[in-house]
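**Q** Can you look at this prediction? I've put the sequence above it.
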Amino acid sequence: MMFPWQELIRLAIGGVVAAFFQPIFWVIIALVTYQYWQLQKSQKRMFGICNFSLTQQVTLAVLLGSIGGMLGSFLLTVVGINVDQLGLAYIWPVAILLMAINMRFLCFAYAGGLVALSKVLIGWPAVDVSQVLVLVAVLHITESILIAISGYYGSMPVILKRRNGQLVGAFNLQNFWPLPLLLMSAVALPESKVPAGVLPMPDWWPLLPISMSLPEGHIWMYAMIPVVAALGYTDIAVASSPKRRRRKSAFHLAIYSTILLALALLSIHYKWLQGVAAMVSFLGHEMLIQLDSRRELEGIPRYVPPTEGLMVLDTVIDTPAPKAGVKSGDILLTLHGMPINRRDQLAEAISLVPNEFMIQMVRDGQKMETKVKFSKGQRMLGVILVPEGNELYYVELTEDKFWLWEKVKKKWRNK
């Protein structure tokens, strides 16, 4: 029997549509809107202007979250996740407790991994270890795809104070996505009472067997239950552009998720792998974050003042600069033939240029020119420049270390 791909895709799309009629979906959208509003306030406080539209950010969040929900629902159905065996009543309290230590520990990689490890070591709580870890893996596969396709969306320019006291330009990368999912719930029905219109599935499905006991004369049937979840991504780009940083993060997260998914599925048949997979869930995730963050923060900063000209950290939406094709990382050399090496020279040149003028700039080592046009009465170019080093408002990263990871590193060094 062929796997009913088209029918499942239609079910996933229907689940996303149904989510729009659930109050919890709009509660999550309200929370997402609040988060982006807070980011907008922070940017206005630092630069006096904002580079994104709140409506546009929230709309993109809902659109991409819906795509992620369809993909996640499809993958969860293919592997045969059963919501009755996930133990969400145990995972959520653990996640909330971990959140009190650090906000990023709210991720299911930590709570799910710890709950699964507890089941392996002491036989409690009543969860299916393989099912929990497959859920963690699929959610992170979905997140990696959302990160990759987000591109520049959700990138907020900031002035960052490094450990050595240097002020550099950077990007705070933050995304929040409402995730409408369809999860399956297994129901035991008498063989004589199987309803009409049931979707037939091949013999090899589901990949994840049901560990609950089946009454004699009954068969397992699956009902689709709409669930609204949320995914979030937080990172910082210092040595890389936002797009490049996202691509690297998405690639590394996809590798982690694929390894975890393989271990979780293998643990169905090789029970000794359950403990290994559970530890990979939270230790692997933590190692990924620590290594990625260290490489980015210790790399050569990208957004610093050049020897000649002024570097653009970001542009402001609906202003002449982005409309003319000016991008983050461009180095402005002249406006209408007037050299600009200081901010006051840029301000003076803007006041003197005609309504249409040429900007000479350097992009990726190549000189180029572009035409800029001011509207009548307009004298705002719309660029946010990299910091000069004497700014009063900046962000400073706090130490964010996981004590267990630090112990592992110390023991490795001692060897």
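**A** Looks like it arrived, so ask away. Since this is a predicted model, take the numbers as computed values, not measurements.
**Q** element containing residue 259, please.
**A** If you go by DSSP states H and E, residue 259 is part of helix 242-266.
**Q** what comes up buried for that helix?
**A** Buried residues in helix 242-266, defined by neighbour count with 16 or more other Cβ atoms under 10 Å: 242-243, 245-246, 248-250, 253-254, 256-257, 260-261, 263-265. In short, each C-beta sits where N, CA and C put it, glycine included.
**Q** Skip ahead from it and say which helix or strand is next.
**A** Counting by DSSP H and E, the element after helix 242-266 in chain order, helix or strand, is helix 273-279.
**Q** Follow the chain on from the strand of greatest length in the chain and name the next helix or strand.
**A** In the chain, assigned by DSSP state E, the strand with the most residues is strand 167-190. Next along the chain after strand 167-190, taking DSSP H and E as the criterion, comes strand 218-237.
**Q** Tell me the strands beside that next one, with direction?
**A** The strands beside strand 218-237 in its sheet (DSSP bridges) come out as strand 167-190 (antiparallel).
**Q** quick one: average confidence on the partner strand?
**A** In this model, strand 167-190 has a mean pLDDT of 90.
**Q** Can you give me the buried ones in that strand?
**A** Residues of strand 167-190 classed as buried: 167-184, 186 (neighbour count, 16+ other Cβ under 10 Å).
**Q** same question, stretch 373-380
**A** residue 374.
**Q** Same check on stretch 309-322?
**A** By neighbour count with 16+ other Cβ under 10 Å, stretch 309-322 contains the buried residues 309-316, 319-322.
**Q** got a list of what the closest residue to residue 82 other than its chain neighbours touches?
**A** Distance criterion Cβ to Cβ, 6 or more residues apart in numbering; nearest residue to residue 82, sequence neighbours excluded, is residue 186 at 5.0 Å. In this structure, residue 186 makes contact with 82, 84, 210, 212, 220-222, judged by Cβ atoms under 8 Å, 6 or more residues apart in numbering.
**Q** repeat that with 6 Å
**A** Neighbouring residues of residue 186 by Cβ atoms under 6 Å, 6 or more residues apart in numbering: 82, 84, 210, 220, 222.
**Q** before we move on, what about residue 385?
**A** Residues counted as contacts of residue 385 (Cβ under 6 Å, 6+ apart) are residue 310.
**Q** do you know how far residue 290 is from residue 115?
**A** 22 Å (Cβ to Cβ, to the nearest Å).
**Q** Please read the previous query as pertaining to residue 176.
**A** Using Cβ to Cβ, we find residue 176 at a distance of 24 Å from residue 115.
**Q** any weak-confidence spans in the chain?
**A** Low-confidence segments of the chain, defined by pLDDT under 70: 1, 103, 196-197, 398-415.
**Q** Which parts of it are strands?
**A** Counting by DSSP E, the segments of the chain that form strands are 155-161, 167-190, 218-237, 310-315, 331-335, 338-339, 356-363, 366-373, 383-385, 395-396.
**Q** residues near residue 90, how many?
**A** For residue 90, the neighbour count with other Cβ atoms under 10 Å is 20.
**Q** so who does the residue nearest in space to the middle of the chain touch?
**A** The centre of the chain sits closest to residue 233, judged by Cα atoms, centre = their mean, with a distance of 3.0 Å. By Cβ under 6 Å, 6+ apart, the contact list for residue 233 reads 147, 175.
**Q** And it, how far from residue 148?
**A** 11 Å.
**Q** Likewise for residue 58?
**A** Distance of residue 58 to residue 148, given as Cβ to Cβ: 21 Å.
**Q** same check, this time on residue 131
**A** 26 Å.
**Q** Give me the more crowded residue out of those two.
**A** Each of residue 131 and residue 148 has its neighbours counted (other Cβ under 10 Å); residue 131 has more, 26 against 17.
**Q** Now do the more buried one against residue 115, distance only.
**A** Distance from residue 131 to residue 115, by Cβ to Cβ: 11 Å.
**Q** try residue 198
**A** For residue 198, the distance to residue 115 (Cβ to Cβ) stands at 33 Å.
**Q** can you give me the helices for the stretch 51-200 of the chain?
**A** For the stretch 51-200 of the chain, the helices defined by DSSP state H, counting those that start in this stretch cover 54-79, 88-101, 108-122, 129-150.
**Q** So which other helices or strands are in contact with the shortest one?
**A** In terms of contacts (3 or more Cβ pairs under 6 Å, 6 or more residues apart in numbering; DSSP states H and E), helix 88-101 is packed against helix 108-122.
**Q** outside of the helix it packs on, which residues touch it?
**A** Contact partners of helix 108-122, identified using Cβ under 6 Å, 6+ apart, comprise 90-91, 94-95, 98, 127, 129, 132-133, 136, 274-275, 278, 281-282, 285.
**Q** Kindly recompute the last result at 7 Å.
**A** Helix 108-122 has contacts (Cβ atoms under 7 Å, 6 or more residues apart in numbering) with 87, 90-91, 94-95, 98, 124-125, 127, 129, 132-133, 135-136, 139-140, 274-275, 278-279, 281-282, 285.
**Q** next one: stretch 296-315 to chain centre, how far?
**A** 24 Å (Cα atoms, centre = their mean, to the nearest Å).
**Q** Need the distance between the two termini of that stretch.
**A** 23 Å (Cα to Cα, to the nearest Å).
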